[in-house]
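Enquirer: I'll drop the sequence and a predicted model, then ask my questions.
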Amino acid sequence: MDLKVLCALSITLIVALSTLAEGIAPPTKCQCKVVPRERTNCGYPGISAAECKRIGCCFNASVPSVPWCYNPKPKKVKKVCPNDPYTRINCGYPGIKPRECTRKGCCFRAHPAGVPWCFYHRVVEEAC
């Protein structure tokens with residue numbers, strides 16, 4: 001392969017990978033609470049804390065002989081029915097019965113007037 005083509009491909013690959021990495025949200029402190037012996041490597045030897053976090057991994061160099069850049073735990077989430085009736089997103093139709101609504105996997109509250117009574121859950125992150 002020609003050297004110019006190889007350089008162009010390398011630059012394209014670097015730009016593409018950096019663009020992908022920019023969209024990754026950093027893990028939370030809860031996600032990084034991983035017992036050292038259960039850490040799975042997420043980086044490469046000598047990776048910096050900044051680079052590790054930029055690729056969506058956790059970094060903790062306080063324990064020797066285990067990965068310092070490691071995969072975070074998955075986020076714990078739960079579904080809740082929103083308390084504010086004005087943030088409800090309709091999941092049913094006018095006159096839907098509570099049983100029909102819950103069969104659809106939605107929340108049902110027959111109050112107040114003027115807002116959906118059958119509405120979607122919200123997904124929220126659980127605390128540590």
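Expert: Yep, that arrived.
Enquirer: Show me this protein divided up by domain.
Expert: In terms of domains, the chain is parsed into 25-73, 77-125 (source: automatic domain parsing).
Enquirer: for the first one, the distance to its chain's centre please.
Expert: I take that to be domain 25-73. 16 Å (C-alpha atoms, centre = their mean, to the nearest Å).
Enquirer: can you check the last one too?
Expert: What separates the centre of domain 77-125 from the centre of its chain is 24 Å, taken as C-alpha atoms, centre = their mean.
Enquirer: same deal with stretch 71-81?
Expert: With C-alpha atoms, centre = their mean, you get 8 Å for stretch 71-81.
Enquirer: follow-up on the earlier one: got JSON lines for the domains of the chain, with mean neighbour count and mean pLDDT too?
Expert: Backbone N, C-alpha and C define where each C-beta goes, glycine included. Below are those laid out as JSON lines (neighbours: other C-beta atoms under 10 Å; pLDDT from 0 to 100):
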{"stretch": "domain 25-73", "mean neighbour count": "15", "mean pLDDT": "94"}
{"stretch": "domain 77-125", "mean neighbour count": "13", "mean pLDDT": "94"}
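Enquirer: residues near the nearest residue to K33 once chain neighbours are set aside, how many?
Expert: The spatially closest residue to K33, leaving aside those adjacent along the chain, is C128, at 6.7 Å (C-beta to C-beta, 6 or more residues apart in numbering). C128 has 9 neighbours, counted by other C-beta atoms under 10 Å.
Enquirer: Distance check, C128 against D84.
Expert: 25 Å (C-beta to C-beta, to the nearest Å).
Enquirer: just T102 next, same as before
Expert: Applying C-beta to C-beta to T102 and D84 gives a distance of 20 Å.
Enquirer: check contacts around I96.
Expert: Contacts for I96 (C-beta atoms under 8 Å, 6 or more residues apart in numbering) come out as F108, W117, C118.
Enquirer: If we use 10 Å, what do you get?
Expert: N90, K104, C106, F108, P116, W117, C118 (C-beta atoms under 10 Å, 6 or more residues apart in numbering).
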